[in-house]
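In: only the shape, not the letters, is given here:
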Ligand code: SAM
């Protein structure tokens, strides 16, 4: 059964009385080459264990099952469970878990299902939870690689370099934990219903150690968020809400200069290394009184 064939999709979903939910980000793939390519890149054959988020009708799940020892597919929509029971009936290495990826303990799920063996994550992610889902996948520290389809602009933002319009706090967050790479683009006409935006398949390879060493991780990310909250302002002005209780603007400017930054710089120009150096200087400041 070609689960990307539009006639098959209509027939199977029609039999189960299924209706697409926009609010659950349900856009199913209609080009069979896309799930094949995603599965081929996912590492399922090499690592053996896969967690898939949002199997939908199961087109990507089936490709993963062909390559992996075991696939755990987490689907929120209960209406898809009987559909998946039908479309995945031919695979004995797949288990569908009904649940919300954002509410699950992914590390515990991997321990329960795979023991101490490694696993990869793979998904055509629903757009409405892209950022929290990627955050949960990274923070679980449970996956050797994370291969996900997301809106193309989001993939570009995640991979963006300093000084570009796409560079932001989420670029830095992801690049702190992982090496991101865009694998290929997927146009909007490869889905039913057709979304308004194009997509891209992104692979994140979690790093053994964060990309930069910082004394205080919370402070590092607080600094990054402050810099991008007011990205059109100079970094000195953007840091006033965070540091104003301890330093005046001249003091913040001196702090920037002490790590080799121009006092007129905007935060969007700083690399991870520069944010890390600055965060370590801030960590040396006396506590606010
Ligand atoms: N994998 C299928 C494909 O590529 O055709 C469907 C992908 S569709 C973009 C996203 C899927 O994620 C849907 O099946 C949707 O019901 C499911 N989903 C939405 N929110 C979810 C959540 N919080 N946790 C798990 N699955 C979710």
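Out: That came in fine, so what should we check first? The model shown is predicted, which means the values in this text are computed figures rather than measured ones.
In: for the worst-scoring helix or strand of the chain on mean pLDDT, packing partners?
Out: Of all regular secondary-structure elements in the chain, judged by mean pLDDT, DSSP states H and E, the least confident is helix 240-243 with a mean of 94. Secondary-structure packing of helix 240-243 (3 or more CB pairs under 8 Å, 6 or more residues apart in numbering; DSSP states H and E): helix 217-229, helix 249-258. Every C-beta, even on glycine, is put in place using the N, C-alpha and C of the backbone.
In: could I get the buried residue list for the first one?
Out: Neighbour-count burial for helix 217-229 flags 219-221, 223-228 (criterion: 16 or more other CB atoms under 10 Å).
In: can you check the last one too?
Out: Of all the residues in helix 249-258, those buried under the rule 16+ other CB under 10 Å are 252-253, 255-256.
In: now for the very next helix or strand once past it, which elements pack on it?
Out: Using DSSP states H and E, the helix or strand that directly follows helix 249-258 along the chain is helix 272-284. In terms of contact count using 3+ CB pairs under 8 Å, 6+ apart, helix 272-284 is assigned the packing partners helix 169-177, helix 217-229, helix 249-258.
In: tell me which residues touch residue 123, please.
Out: When the contact criterion is CB atoms under 8 Å, 6 or more residues apart in numbering, the partners of residue 123 are 52-54, 60, 133, 147-149.
In: just the closest of these to the ligand, please.
Out: residue 54 (2.1 Å; CB to the nearest ligand atom).
In: right, and that closest one touches residue 127 too?
Out: No - using CB atoms under 8 Å, residue 54 is not in contact with residue 127; the gap is 10.8 Å.
In: between these two, which is the more surrounded one?
Out: Counting neighbours by other CB atoms under 10 Å for residue 54 and for residue 127 shows that residue 54 has the greater number, 23 against 15.
In: how about the strands in the stretch 51-200 of the chain?
Out: In the stretch 51-200 of the chain, the strands defined using DSSP state E, counting those that start in this stretch lie at 70-75, 94-98, 120-124, 146-151, 178-186, 191-192, 199-206.
In: so the nearest residue to residue 217 once chain neighbours are set aside, which of the three states?
Out: Using CB to CB, 6 or more residues apart in numbering and skipping the chain neighbours, the partner closest in space to residue 217 is residue 210 (7.7 Å). The three-state label for residue 210, taken from DSSP: H, G, I helix; E, B strand; the rest coil, comes out as coil.
In: mind checking how far residue 210 is from the ligand?
Out: 27 Å (CB to the nearest ligand atom, to the nearest Å).
In: just to revisit the earlier point, redo the buried residues of helix 217-229 as TSV? Include pLDDT.
Out: As requested, those are arranged in TSV below (pLDDT from 0 to 100):
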residue	pLDDT
219	96
220	98
221	97
223	97
224	97
225	97
226	96
227	96
228	96
